[in-house]
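Enquirer: fold the stuff below for me.
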Amino acid sequence: MARFNRRGVRLRPARSLPASPVATTGALAVNRQGGTGHLRDARSELFLLAVANFVAQETFYAGGQERDTRFAALVRRLAVEDPDWTAGLLHWLRRDGQLRTASLVGGAEYVK
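Expert: Reported below is the predicted structural model:
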């Protein structure tokens with residue numbers, strides 16, 4: 001990687017910091033271990049579930065079927081409430097996110 005170490009190259013500062021697609025509602029809730037947590041809006045919950053979910057895989061906090069059902073319900077809900085955003089997320093998952101399974105399952109639920 002030494003070929004990229006150049007002297008005299010000036011880096012420009014970023015014009016703006018990237019915005020996170022994840023937001024909370026501001027409301028507090030109890031998490032699965034009994035601790036204090038924050039509720040997320042539906043878009044944020046779907047985004048996090050889509051990028052972190054492996055279909056039918058068990059996790060420490062939830063079973064695979066439970067997570068898959070939640071993912072499907074969120075896609076169906078947002079396909080009605082905000083179809084453009086949901087279609088954009090599914091497109092991003094397939095292309096830039098390179099998450100084929102989540103995009104295919106999400107696309108099937110979107111159409112359903």
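Enquirer: would you map the strands across the protein?
Expert: With DSSP state E as the criterion, the chain has strands at 24-30, 36-40.
Enquirer: quick check: pLDDT value at Ala62.
Expert: With respect to pLDDT, Ala62 scores 81.
Enquirer: residue contacts, the closest residue to Arg100 other than its chain neighbours?
Expert: Excluding its sequence neighbours, the residue lying closest to Arg100 (Cβ to Cβ, 6 or more residues apart in numbering) is Arg94, at 6.5 Å. The C-beta positions use only the backbone N, C-alpha and C, and glycine is treated the same way. Going by Cβ atoms under 8 Å, 6 or more residues apart in numbering, Arg94 touches Arg100, Ser103, Leu104.
Enquirer: can you rerun that using 10 Å?
Expert: Contact partners of Arg94, counting by Cβ atoms under 10 Å, 6 or more residues apart in numbering, are Arg100, Thr101, Ala102, Ser103, Leu104, Gly106, Gly107.
Enquirer: go through the residues you listed and name the one nearest Arg77.
Expert: Using Cβ to Cβ, Gly106 comes nearest to Arg77 of these, at 12.2 Å.
Enquirer: burial check on the closest one, number of neighbours?
Expert: Residues near Gly106, counting by other Cβ atoms under 10 Å, number 28.
Enquirer: and if you look at Asn31?
Expert: The burial count assigned to Asn31 is 10, neighbours taken as other Cβ under 10 Å.
Enquirer: show me what contacts the nearest residue to it once chain neighbours are set aside?
Expert: Distances taken as Cβ to Cβ, 6+ apart place Gly37 nearest to Asn31, at 3.9 Å, with adjacent residues excluded. Contacts for Gly37 were tallied using Cβ under 10 Å, 6+ apart; they are Thr24, Ala27, Leu28, Ala29, Val30, Asn31.
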